[in-house]
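Asks: give me a 3D structure for the following:
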Amino acid sequence: VESGGGGAGDAHDIFSAFFGGGGRRRNAGPKKGEDLVHPIQLTLENLYNGKTVKLALTRNVICTTCSGSGSKNPNANTTCESCDGHGVKIVTRQIAPGMIQQMQAQCPQCNGSGTTIKAKDKCAPCSGKKVISEKKVLEVPVDKGMRHNQKITFPGEADEAPGITPGDVVFVVQQKEHNRFIRKGDDLLMQQKIQLVEALCGTQFVVEHLDGRKLVIKTEPGALIRPGDVKTVEDEGMPMHKNPFVKGKLFIKFDVEFPANSSITPENAAMLAKALPEATPMEEQTDAEEVVMHDADIQNMGKNSAGRGAGAYDEDDDDDMRGGQRVQCAQQ
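Replies: This next block holds a predicted model:
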């Protein structure tokens, strides 16, 4: 095919002008190695205050003695006879009667390098493997306000190998559960149990925060707390990542503990009735029955009635089995 017209080249140039050369694959440089991902367990205190964690890392680095050639003399490397220097081999296998599959696999003789080294020429420090193990200590900076599953990356600190760009070492933050606080974003939630008298007359309590400070938390004058109420304390949540002087809120959910049965005497009950707002009086009933409530478990609801219903149906079935006479209604 002659190229005098240049149509194909011109069309590609037009495509490249519009799409930035995306129509042609270019050499992207050395292949990048795999990243090393490692979880790092941290407490909520660590994420609140920030911390530097030292972690020892063992990785492969290129042998400095042979500069990654694997041999005492780089010229001593010979072409692998098993793969003819390609580093890969075509493997054929039968997957079904009359069906053969061909696939490409790394050459086991040269480990994909395409060259082999004679035993006498192998580099002593790396034994011809081209890399040696190195232990390195990384200082991992945990910033204030970092969150669960957030990543801390050390570029190019993963395993080295000839002809590839080292991958990254990635630490993934794993937040441990806390015995008092629950975190959601930059906010914190805690539960506080108080007595009924505190719910009605006001309460104050001490909370030790994640940085060791002790907070005296109290209700506003005249404020009542009902079971399940939620209050907030401004600026006492988690610090915002990259802006630690801005903090979220501390949410407090209250559980009101009532006095035990019969713990309030009739005299005290009368005094409470005077102190509390008057209850709505019940309308006088002339034909009503008076009943008394007892403690119960909502999980038992429906169990007794189901048993009685099943017994009634069983009794009807027994009548049928005995051949009892049944009344039938004829349709008119």
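
Asks: find the nearest non-adjacent residue to residue 162, please.
Replies: Nearest residue to residue 162, sequence neighbours excluded (C-beta to C-beta, 6 or more residues apart in numbering): residue 68, at 4.0 Å. C-beta coordinates here come from the backbone N, C-alpha and C atoms, glycine included.

Asks: the strands in the stretch 151-300 of the chain, which residues?
Replies: Residue ranges of the strands in the stretch 151-300 of the chain, as given by DSSP state E, counting those that start in this stretch, are 151-154, 164-165, 169-175, 182-184, 187-195, 204-208, 214-218, 230-233, 239-240, 243-247, 250-257.

Asks: specify the beta-bridge partners of the nearest residue to residue 29 once chain neighbours are set aside.
Replies: Distance criterion C-beta to C-beta, 6+ apart; nearest residue to residue 29, sequence neighbours excluded, is residue 165 at 7.5 Å. Assessed by DSSP bridges, residue 165 has beta-bridge partners residue 32.

Asks: ok, residue 165 touching residue 30?
Replies: Yes - the criterion here is C-beta atoms under 8 Å, and residue 165 meets it with residue 30 at 4.8 Å.

Asks: who's more crowded, those two?
Replies: Higher neighbour count among residue 165 and residue 30: residue 165, with 14 against 11, using other C-beta atoms under 10 Å.

Asks: in contact with the residue nearest to residue 29, which residues?
Replies: Shown in contact with residue 165 (C-beta atoms under 8 Å, 6 or more residues apart in numbering): 29, 30, 31, 32, 33, 156.

Asks: for this protein, which spans come out with low pLDDT?
Replies: For the chain, the stretches flagged by pLDDT under 70 are 1-28, 74, 305-332.

Asks: tell me where it has helices.
Replies: Under the criterion DSSP state H, helices of the chain are mapped to 7-19, 44-49, 196-201, 266-275, 303-321.

Asks: how much space separates residue 73 from residue 120?
Replies: Using C-beta to C-beta, to the nearest Å, we find residue 73 at a distance of 10 Å from residue 120.

Asks: next one: residue 188
Replies: 67 Å.

Asks: these two - which one has more neighbours?
Replies: Using other C-beta under 10 Å as the criterion, residue 188 and residue 120 rank with residue 188 on top: 25 against 8.

Asks: I figured the more buried one hits residue 250, correct?
Replies: Yes - the criterion here is C-beta under 8 Å, and residue 188 meets it with residue 250 at 5.0 Å.

Asks: so what sits against both of those two?
Replies: Residues touching both residue 188 and residue 250 (C-beta under 8 Å, 6+ apart): 236, 237.

Asks: just checking, residue 118 touches residue 78?
Replies: Yes - at 7.4 Å, residue 118 counts as touching residue 78 under the criterion of C-beta under 8 Å.

Asks: of those two, which one has the most company?
Replies: residue 78 (14 against 11).

Asks: nearest residue to the more buried one other than its sequence neighbours?
Replies: Computed as C-beta to C-beta, 6+ apart, the closest residue to residue 78 that is not its neighbour in sequence is residue 116, at 5.6 Å.

Asks: can you get me a residue count around the one you found?
Replies: For residue 116, the count of nearby residues is 21 (other C-beta under 10 Å).

Asks: spit out the contact partners of the spatially most central residue of the chain.
Replies: In the chain, the centroid-proximal residue (C-alpha atoms, centre = their mean) is residue 149; its distance is 6.0 Å. Applying C-beta under 8 Å, 6+ apart, we find residue 149 in contact with 172, 173, 174.

Asks: ok, now which ones touch the closest residue in space to residue 176 that isn't next to it in sequence?
Replies: Distance criterion C-beta to C-beta, 6+ apart; nearest residue to residue 176, sequence neighbours excluded, is residue 43 at 5.2 Å. Shown in contact with residue 43 (C-beta under 8 Å, 6+ apart): 175, 176, 178.

Asks: drop anything exposed from those residues.
Replies: Taking 16 or more other C-beta atoms under 10 Å as the criterion, what is buried in the contacts of residue 43 is residue 175.

Asks: including distance to residue 204, could the contacts of residue 43 go into TSV?
Replies: Listed next are the contacts of residue 43 as TSV, based on distance: C-beta to C-beta, whole Å:
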residue	distance to residue 204
175	30
176	30
178	23
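
Asks: from the middle of its chain, how far away would stretch 53-70 be?
Replies: Averaging C-alpha positions (C-alpha atoms, centre = their mean, to the nearest Å) puts stretch 53-70 32 Å from its chain's average.
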